[in-house]
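> Curious how this folds, go ahead:
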Amino acid sequence: MKDHVRSNWRSAVLVCRKCSKKLDGGFGPDGDERLARALRKHLALRKGRKAAAGVIEVGCLGVCPKGAVTVIDGADAREWLLVRPGADLDALAGTLHLVDNDPPAV
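Okay, here's the model as predicted:
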């Protein structure tokens, strides 16, 4: 039996499923997608452990903000984000360390 499994993730983000469901969308180009799916599509991430980063919907995180989704960056778990519908996904991806901000090596 295996005692560990590898993934290709450089970072992991947890998105509250209950908050997303309450908003019934609000993200993506047409504003009709849940946050986790909109982020995956925007960054062209696949699902599963072979993706470049993990965007995972989890059960209730207990914050329950009105009109927002609770999000946790796995690299900075002390600060939780409350993301409002229509948020700029590029800025959010940068804040959540989902994009590689390192300049290319010369």
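
> where do the strands sit along the chain?
For the chain, applying DSSP state E gives strands covering 12-16, 54-58, 69-73, 80-83.

> Off-centre distance for the last one?
In terms of C-alpha atoms, centre = their mean, to the nearest Å, the centre of strand 80-83 is found 10 Å from the chain centre.

> residues making contact with it?
Identification of contacts with strand 80-83 by C-beta atoms under 8 Å, 6 or more residues apart in numbering yields 35, 61, 63, 65, 68-73, 92, 95-96. (Glycine included, C-beta is placed from N, CA and C.)

> Drop anything exposed from those.
35, 61, 68, 69, 70, 71, 72, 73, 92, 95, 96 (16 or more other C-beta atoms under 10 Å).

> The fourth one and residue 20: what is the separation?
It stands for residue 69. 5 Å (C-beta to C-beta, to the nearest Å).

> joint contacts of those two?
residue 35.

> ranges for the helices of the protein?
17-23, 35-42, 89-95 (DSSP state H).

> Most tightly packed of those?
Mean neighbour count (mean count of other C-beta atoms under 10 Å) peaks for helix 35-42 among the helices of the chain, with a mean of 21.

> what about that helix, average pLDDT?
In this model, helix 35-42 carries a mean pLDDT of 94.

> Just the pLDDT for the closest residue to residue 97 other than its chain neighbours.
Excluding the flanking residues, the one nearest residue 97 by C-beta to C-beta, 6 or more residues apart in numbering is residue 11, at 4.7 Å. Per-residue pLDDT puts residue 11 at 91.

> so where's this structure uncertain?
101-106 (pLDDT under 70).

> Same list (the buried ones among the contacts of strand 80-83) but as CSV, adding distance to residue 46.
As requested, the buried ones among the contacts of strand 80-83 are exported to CSV (distance: C-beta to C-beta, whole Å):
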residue, distance to residue 46
35, 17
61, 24
68, 27
69, 22
70, 24
71, 20
72, 21
73, 20
92, 19
95, 22
96, 17
